[in-house]
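Novice: pasting the sequence and the predicted coordinates here, then a few questions.
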Amino acid sequence: MKEIIVAVAGQPNSGKSTIFNMLTGARQHVANYPGVTVEKRTGKYSYKGNTVTLVDLPGTYSLTSYSQEERIARDFLLHERPAVVLDIVDAANLERNLYLTFQLGEMGIPLVIALNMMDVAEGRGLKIDTFKLSELLRATIVATVGKKGKGGKELKEAILNTYKGGHFRMGYGDACESCGACLGISREKGHFRVDYGEKLEPILRPLEKMLSEDPKISARYPARWLAIKLMENDSEAHRLVGLL
Amino acid sequence: MTLNDIKPGQECRIVDVNLDGATGQRLMDMGFMPGTKIKIVRNAPLVDPIDLVLRGYHVSIRHQEAKGVEVEEL
């Protein structure tokens, strides 16, 4: 039986802990990150013969290295390399929440997105095209209502499917378009990538190429992500490159 | 004109964010970008903080931080 490590990420108040509890039941325990006061919770659940360990990361608006929570979340993703990241998105605050989603996508770890608080979003008259969003973000999207326990089974299925390298699913409840084995669309359509436009791409692309050609760096860090962080003059990114 | 000068009930648009370091980064992470519309909802009884709405959600910031956000009235 394999153990699958899944990081639970999301902005503050997106319902991370509610989803975490929904998936793990009462089996979670509280642990501290070494050396810091911010808590990291881990919990397990079993699904179709697999043990899935969820690591509840601190809620962050982004993944820069300015605050301790952000550094903790980022270091975990970067150095522990979880198999899947479960990104909890507040559907009623989609625009702000997607900023973190983009950063998670750029780190190159397979994403499953829980579009949480769908009832609130719908109550505000928002209609979200999960099909289109899924295609743009290259990630499986599951609509959830954490406080009512809706979408838990679908999330577990999406996490396992993403772990196995399955095709990502075009929105909640939609059928597969490309194969009979899973519900989704081929990953071969390419990875998630933000086009930063004609002013920034000419800086970004040569930097990305240079980093990807360095075997030490490319073995450890996603080149595109590192290039973006270096361009932002991120102190931690400078340190990572300086160490190698 | 900065966000600090806008009265409750008024709307404005961000022209520039003149804040460095963690505060500037945090505001940008939360969607304070040039072009973004902001509505001032109210001031707290003892001046700070200011309650405002942008991109469909409420956020409270200090006057000191609002001073760093350059805006134009709408």
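Specialist: Nice, thanks for sending it over.
Novice: from now on I want contacts and neighbour counts done on CA atoms only, so please keep to that.
Specialist: Will do.
Novice: so where's the longest helix in chain B?
Specialist: helix B:21-29 (DSSP state H).
Novice: hey, C-alpha coordinates of that one in CSV?
Specialist: Presented in CSV, the C-alpha positions along helix B:21-29 are these (Å, rounded to 0.1, in the frame of the first residue of the first chain):
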residue,chain,number,x,y,z
GLY,B,21,8.6,45.4,1.0
ALA,B,22,6.1,43.1,2.7
THR,B,23,3.2,45.6,2.9
GLY,B,24,3.4,46.5,-0.8
GLN,B,25,3.6,42.8,-1.7
ARG,B,26,0.7,41.9,0.5
LEU,B,27,-1.5,44.6,-1.0
MET,B,28,-0.6,43.5,-4.5
ASP,B,29,-1.2,39.8,-3.5
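Novice: so how far is it from its chain's centroid?
Specialist: When C-alpha coordinates are averaged (C-alpha atoms, centre = their mean, to the nearest Å), helix B:21-29 and its chain have centres 12 Å apart.
Novice: ok, and for that helix, which residues are buried?
Specialist: B:24-29 (16 or more other C-alpha atoms under 10 Å in any protein chain shown).
Novice: what does stretch A:145-162 rub up against?
Specialist: Where contact means C-alpha atoms under 8 Å, 6 or more residues apart in numbering or on different chains, the residues beyond stretch A:145-162 that reach it are A:15, A:18-19, A:22-23, A:47, A:84, A:86, A:110-112, A:114, A:116-119, A:140, A:142-144, A:167-169, A:182.
Novice: average pLDDT for that stretch?
Specialist: Looking at stretch A:145-162 alone, the average pLDDT works out to 88.
Novice: do the same with stretch B:41-61
Specialist: Mean pLDDT, computed over stretch B:41-61, is 90.
Novice: that one: end-to-end distance?
Specialist: 12 Å (C-alpha to C-alpha, to the nearest Å).
Novice: if we can go back for a sec, quick one: the buried residues of helix B:21-29 as JSON lines, columns for distance to chain A and pLDDT too.
Specialist: Output for these, formatted as JSON lines (distance: C-alpha to the nearest C-alpha, whole Å; pLDDT from 0 to 100):
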{"residue": "B:24", "distance to chain A": "10", "pLDDT": "92"}
{"residue": "B:25", "distance to chain A": "8", "pLDDT": "90"}
{"residue": "B:26", "distance to chain A": "7", "pLDDT": "91"}
{"residue": "B:27", "distance to chain A": "10", "pLDDT": "94"}
{"residue": "B:28", "distance to chain A": "10", "pLDDT": "92"}
{"residue": "B:29", "distance to chain A": "6", "pLDDT": "92"}
